[in-house]
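[1] Below are the sequence and a predicted model for it; my questions follow.
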Amino acid sequence: YTNPNLTACKNLSTANAYYFLSSDIGSAPNPCFNISSDNITLDGRGHTVAGGGVLSYSTRNITIKNMTFSTTVPAGIYFIEVNDSLIKNVSISSNGRSLNLTGGTHNQLQSVSTANAVSGSTGIYISSSNTTLSDSSTSNYYGTVINASYVTLVNVNATAGSPTYIGLILYDQSNYTNLT
């Protein structure tokens, strides 16, 4: 039996588990949550994690939803080679790449917002193919960077922290609809 009620940082390693935060977490280490098995949901239920974020490596079907990250670490959410996953209704402030998807495929980002004007910070960095980013906004030194094939952007507002920086950087073959 895995207790799904989280009040502190934890390694989430039980496959097919649904975890939820029952309170805010302050002064969290990095990562606060290390997700190491497939089919895991982390539901923040509107709570905030301050300090650390989420790391997942080589997993599938991960859901992160309904939470805020206020971090001083390079990434609020860092997915490496994660496939078929969802990040939804998440707000992140970070000193680096607020949300970083590296490798992997078929991920969805819905209603994600990032903000931080720290020099060199990036709101959302996607190098995960066949990914959809929708109904989201970034306001960072660099807003959103897309460096993958077949990324679909729908209703994305990407702004830079200063008029001299770049709100949206697009590489490779991607589909873009209703960008602001």
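    All right, it came through fine. Numbering: from 1, shown residues only.
[2] By mean pLDDT, point me to the weakest helix or strand of this protein.
    Least confident helix or strand, the chain: strand 175-179 with a mean of 59, by mean pLDDT, DSSP states H and E.
[3] got the contact list for N95?
    N95 sits next to T71, T72, V73, P74, N116, V118, S121 when contact means CB atoms under 8 Å, 6 or more residues apart in numbering. Every residue, glycine included, has its C-beta placed from N, CA and C.
[4] any idea which of those has the most stuff around it?
    Among the contacts of N95, T71 has the most neighbours (other CB atoms under 10 Å), with 25 neighbours.
[5] So which of the contacts of N95 sit within helices?
    Applying DSSP state H to the contacts of N95, no entry is found in helices.
[6] can you redo these as TSV with distance to D43 and pLDDT?
    Formatted as TSV, the contacts of N95 follow (distance: CB to CB, whole Å; pLDDT from 0 to 100):
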residue	distance to D43	pLDDT
T71	19	80
T72	24	72
V73	22	70
P74	24	71
N116	24	76
V118	29	69
S121	27	76
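[7] Output the below-cut-off pLDDT ranges for the protein.
    Where the chain drops to pLDDT under 70, the residues are 1-2, 117-118, 161-165, 172-180.
[8] Which parts of it are helices?
    For the chain, no helices are identified by DSSP H.
[9] L170: neighbouring residues, count only.
    Residues within reach of L170, counting by other CB under 10 Å, total 15.
[10] Could you do N3 as well?
    Neighbourhood size, N3 [other CB under 10 Å]: 9.
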